[in-house]
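Engineer: sequence-free structure coming up:
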């Protein structure tokens, strides 16, 4: 049995956080506490090795917060739909909260966690999430008509790159979180309900 | 129909490489040509945006070339087994060549591409690849006994982190490559046969 | 696209509620409003035909509220785990709320919705939920050792009957709810967070 | 190994029939013997608790024998197709016999047991069975176009409700029968061949 | 819609039988009529090309009727279990009849068609059918312990060869029959009920 | 663990080759050595029983080398696509080499081994391989429109028979090879790279 809560470490692996943290990292963590009220456990999980932490955050911040034709909410929507298929507890809790918060629509967050097909989406967002779902379950079957469907609802080739990379990223992080029994911070659960 | 060869761009997306490349990137590409004889198309694919390219290579180089209890060959073996499950043409071609080359055993590369269960592996490597395969197909079912099996054949918790992250990485890059119809460089095919 | 909210009817089918309701049914609905604050949409969905409504509620009340060696919370836990496998939005919303409320543990409700394997369950409840999950995905493979595992953790044959029937019931109602786009009442979402 | 025949009880669970049966139940069983030649084992299985038996038969009789736009044969056809997907021995034997008998076409019964796609069905019945099959294997993917296809071949919304509920019912009873190793009465096998 | 009955040809393909048949073939067909009452449609299907017919019957007769540590009934049992997984109407009808006839146990034939796990098999036959089932659904996962389990219940390596080849044969013929909509002779249905 | 190389026998089964071989068989093997440089292990595997060997080769030679509207290369392409789905090491190695050699296009061989959807195929060959893939994974779902799609791109009914039978054959031989751990000859690996 794997109980992912009540762990003193952020994962089931015995990988203690670097102590003391380098000043840059400490500063980054302090900003998290200030803005979110806590340091997300995924960051603590990587903080046994500062190079790995930095590679992860550079990648994450570029994808989820950088310039894109996709809104930040849309990128979080992809995160939740991919995590729902992979049944990743950590990512569903953290990114489900983000969708509830950013959309101001708690039900949308729940729908994407439970079955995105029931959500009242416009054609563009539905096509985006269908592509993310197919990439997650059957990437080998993606062919030109799948990309064309995205272009037909208004996405540029650069947008398609971003959809593919956000989808890819959560297929990575879902698996790392599940494989290491990463526990989400308790604070997420009651947010934006 | 998606023909991934004979593309003038490295993927099916119209995302031209930054021109001219920044000097650091140009230097990196020149080193590739010198060492490998060519610039891997995955790098050209990301080179429409230098920040994305840098985030990708930092992540890749840390995982595949950085310090680890896993040998570089073992990391490539994981790459091939994950890519075989996801049927990613790009990654099978590129990392299959790497396994053939690093192992000096062309048949091992073929076995991992075709069905890793037929390869004559020791207990440690078989456990490592079974974990990678389960993470790829059923990450949600990984529990403590799965991690313990890795410890029982000699892997440390840090090694388990690395197995999980290499496996996660190729679950990301397989999907990005398939979703964008990324074409492998022709040079890989005849290498180390 | 199926948007299950903002429907004036409880499902996507045009089946208006009997009007006026028979006095017994009206009284039952009034009790719902008094106790829960609303009439669950599943009852409104069946209320186009009072015989069908009565057959459904007799079945439901016997299973979920009648005498059993399973606690009411345990029966709700099965409901959520089955509904998570079948990705039934209606049942996950309504019974997820019930688990949060009855257990006083909002995280438990979320874990069962997202991936029951991460929940810190005792051996008895884990065996119960594993049986429910196997019945849902591969009932044809259940054999005597599966039943014996339940007996070994303390369940009687009568308890096994109840586990099987609660699991069966939600495999029915999940499918009816999904097939008719049944919309859960808005009130569930914020309950017991 | 689970041998479902030669059991002295109707299932693998030790749940003896109430003895003596209440007069109403005894009368119902007597009618079964008179009409069918035997009491179906599913009724004996529930008869350890008369309330459960009554809830089951009320539900069953309303669905399979009550007023509906679906003929009784059509409801049995759904029963067999659902049971074939779930590989439920009890239900295939009992309802396969019903299809052979009601249709006067032994081959139709066999086709629905073995692969309904080979049966020479009209457009209406094929659509009905395709919907039942999709509800059984992928209910979460049912959306408005699936319901519309049923309307297009002449089904009313009330008919769709009935298709959904008959399909749901056998997804319940298949699982209960398989989970408890319910044995079909021997008499079914040779009927209407 | 594919209706496999009432076809004037044995399959959905327009491939007329060689006319007149060569004397040897005619004699073989005459023996079929004498012994079985009809020429099995599978033979008529191949009879557009006598070389193909001969290669098929040589293969079939060697496997199903030749010397083997498996009884003829056991080989028919494998045929039915494989055909049930592949849901091949032709083969289930023809070989289900053979099992009923050879075993003198109509219920055994039905059990193997519907779900072989419910049949009261001894350890040897259960192991044999589990191996055939795994070869059919996941041949790539067969490893030495699977073969050893067969040896442990008394099969020789030659017997394992025969199990593998009978299983392989029906994985071929099931697919050919389904792909061509091969119709079984009506006579099978009522045999040995 | 199953290591399929370094076996002194062609499979994991202890079934020694008939010694001495009958003159006809010896002559056939000598021709193999002359033409290919070696006797394919699949022939050695069957050579413990000359009748079985002859039935296999008659079947194989008729299908792969006999008259057909499919070119020999096209038949080998089917062999590789089917073997890739079934992950059969023996057949992928042997028939992958054949595709590389016959096509003069090493990349085509690799594409068919790894993911045939990325290969630059014309409409006819793509339809042929899609049919073979569907027959391999879901033969029970093949209906008239699948056959019609083949006719629409120019295949005759006789060609469809050949596609079905080549596909069926490799669904047999893949399973026999995997179930017996058949090892491919080393010589294939470096051929036609």
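Structural biologist: Cool, the structure landed. Worth saying up front: this structure is predicted, and the values here are computed from it rather than measured. Numbers count the residues shown, from 1 in each chain, chains lettered A, B, ... in the order given.

Engineer: dump the residue contacts of the residue nearest in space to the middle of chain A.
Structural biologist: Here the mean C-alpha position of chain A is nearest to the C-alpha of residue A:79 (CA atoms, centre = their mean), at a distance of 4.2 Å. Contacts for residue A:79 (CB atoms under 8 Å, 6 or more residues apart in numbering or on different chains) come out as A:64, A:91, A:95, A:98, A:166, A:170. Any C-beta I mention is one placed from the backbone N, CA and C, and that applies to glycine too.

Engineer: The longest helix belonging to chain A - contacts with which helices or strands?
Structural biologist: As assigned by DSSP state H, the longest helix anywhere in chain A is helix A:157-179. Other helices and strands packing on helix A:157-179, by 3 or more CB pairs under 8 Å, 6 or more residues apart in numbering or on different chains; DSSP states H and E, are helix A:50-65, helix A:72-86, helix A:89-103, helix A:123-138, helix A:144-152, helix B:123-138, helix B:157-180.

Engineer: got the residues of chain A near chain C?
Structural biologist: Residues of chain A lying close to chain C by CB under 8 Å from any CB of the partner chain are A:1-6, A:87-89, A:92-93, A:106-107, A:110-111, A:113-115, A:117-121, A:123, A:126, A:178, A:181, A:186, A:189-190, A:193.

Engineer: if you look at those residues, which of them are in helices?
Structural biologist: A:89, A:92, A:93, A:106, A:107, A:110, A:111, A:113, A:114, A:123, A:126, A:178.

Engineer: and chain A, which residues reach chain D?
Structural biologist: Within reach of chain D by CB under 8 Å from any CB, chain A has these residues: A:115, A:117.

Engineer: Point me to the residue of chain A nearest chain D.
Structural biologist: Nearest residue of chain A to chain D, counting by CB to the nearest CB: residue A:115, 5.4 Å away.

Engineer: Which member of the contacts of residue A:79 is positioned nearest residue C:13?
Structural biologist: residue A:95 (33.4 Å; CB to CB).

Engineer: Thought residue A:76 was touching that closest one, still the case?
Structural biologist: Yes: counting by CB atoms under 8 Å, residue A:95 touches residue A:76, with 5.5 Å between them.

Engineer: the more surrounded of those two?
Structural biologist: Neighbours were tallied for residue A:95 and for residue A:76 using other CB atoms under 10 Å in any protein chain shown; the higher tally belongs to residue A:95 (29 against 25).

Engineer: State the distance from the residue lying closest to that one once chain neighbours are set aside to residue A:102.
Structural biologist: Residue nearest to residue A:95 in three dimensions, not counting chain neighbours: residue A:79, with 4.1 Å by CB to CB, 6 or more residues apart in numbering or on different chains. Noted for residue A:79: a distance of 11 Å to residue A:102, by CB to CB, to the nearest Å.

Engineer: The closest residue to residue A:104 other than its chain neighbours: neighbour count?
Structural biologist: When the adjacent residues along the chain are set aside, residue A:104 lies closest to residue A:192, with 7.9 Å between them (CB to CB, 6+ apart). Here the count is done by other CB under 10 Å, and residue A:192 has 17 residues near it.

Engineer: ok, now which ones touch residue A:192?
Structural biologist: A:97, A:100, A:101, A:104, A:106, A:109.

Engineer: Now render these as CSV, adding neighbour count, distance to residue E:154 and pLDDT.
Structural biologist: CSV is the format used below for the contacts of residue A:192 (neighbours: other CB atoms under 10 Å in any protein chain shown; distance: CB to CB, whole Å; pLDDT from 0 to 100):
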residue, neighbour count, distance to residue E:154, pLDDT
A:97, 23, 59, 97
A:100, 24, 61, 97
A:101, 16, 64, 97
A:104, 9, 69, 97
A:106, 20, 62, 96
A:109, 27, 58, 97
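
Engineer: Report how many residues lie close to residue A:117.
Structural biologist: 24.

Engineer: hang on, it packs against residue D:146?
Structural biologist: No: at 11.2 Å, residue A:117 does not count as touching residue D:146 under the criterion of CB under 8 Å.

Engineer: got the residues of chain A near chain F?
Structural biologist: Proximity of chain A to chain F (CB under 8 Å from any CB) is limited to residues A:140, A:141, A:143.

Engineer: now that we have those residues, which one has the most neighbours?
Structural biologist: Most neighbours among the residues of chain A next to chain F, by other CB under 10 Å: residue A:140, with 19 neighbours.

Engineer: show me what contacts that one?
Structural biologist: B:86, B:87, B:88, B:178, F:115, F:117.

Engineer: Adding pLDDT, write the residues you listed out as TSV.
Structural biologist: What follows is the contacts of residue A:140, written out as TSV (pLDDT from 0 to 100):
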residue	pLDDT
B:86	98
B:87	98
B:88	98
B:178	98
F:115	97
F:117	97
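
Engineer: out of those residues, what pair is the most spread apart?
Structural biologist: B:86 and F:117 (12.7 Å).

Engineer: Okay, now the unreliable bits of chain A?
Structural biologist: For chain A, the stretches with pLDDT under 70 are A:1-8.

Engineer: Nearest to chain E within it, name that residue for me.
Structural biologist: Nearest residue of chain A to chain E, counting by CB to the nearest CB: residue A:140, 16.3 Å away.

Engineer: which SS state does that residue fall under?
Structural biologist: The three-state label given to residue A:140 by DSSP: H, G, I helix; E, B strand; the rest coil is helix.

Engineer: Now chain A against chain F: closest residue?
Structural biologist: As assessed by CB to the nearest CB, chain F sits closest to residue A:140 within chain A, at 5.4 Å.

Engineer: Give me the neighbour count for the closest residue to that residue other than its chain neighbours.
Structural biologist: Leaving out its chain neighbours, the residue that sits closest to residue A:140 by CB to CB, 6+ apart is residue B:87, at 3.9 Å. Number of residues near residue B:87 (other CB under 10 Å) recorded here: 22.

Engineer: my guess is residue B:87 meets residue F:112, correct?
Structural biologist: No: Residue B:87 is beyond contact range of residue F:112, at 11.6 Å (criterion: CB under 8 Å).

Engineer: From residue A:11, how far out is residue A:36?
Structural biologist: Residue A:36 is 19 Å from residue A:11, by CB to CB.

Engineer: Comparing these two, which residue is more hemmed in?
Structural biologist: residue A:11 (27 against 13).

Engineer: Phi, psi for that one please.
Structural biologist: Per-residue torsions, residue A:11: phi -140, psi -180 (degrees, to the nearest 10).

Engineer: From what I see, it and residue A:182 are in contact.
Structural biologist: Yes: counting by CB under 8 Å, residue A:11 does reach residue A:182; the two are 4.9 Å apart.

Engineer: what sits in contact with each of those two?
Structural biologist: A:41, A:45.

Engineer: follow-up on the earlier one: how near is the residue of chain A closest to chain E to residue B:90?
Structural biologist: Distance of residue A:140 to residue B:90, given as CB to CB: 11 Å.

Engineer: Return every residue with contacts to both of those two.
Structural biologist: With CB under 8 Å, 6+ apart as the test, residue A:140 and residue B:90 both reach residue B:178.

Engineer: Residue A:82 against residue A:171, yeah?
Structural biologist: Yes: assessed by CB under 8 Å, residue A:82 is found in contact with residue A:171 at 6.1 Å.

Engineer: which residues are in contact with both of those two?
Structural biologist: residue A:136.

Engineer: number of nearby residues for residue A:66?
Structural biologist: Other residues within reach of residue A:66 by the criterion other CB under 10 Å amount to 15.

Engineer: nope, residue A:131 is what I was after
Structural biologist: By other CB under 10 Å, the residues close to residue A:131 number 22.

Engineer: cool, and residue A:52?
Structural biologist: 20.
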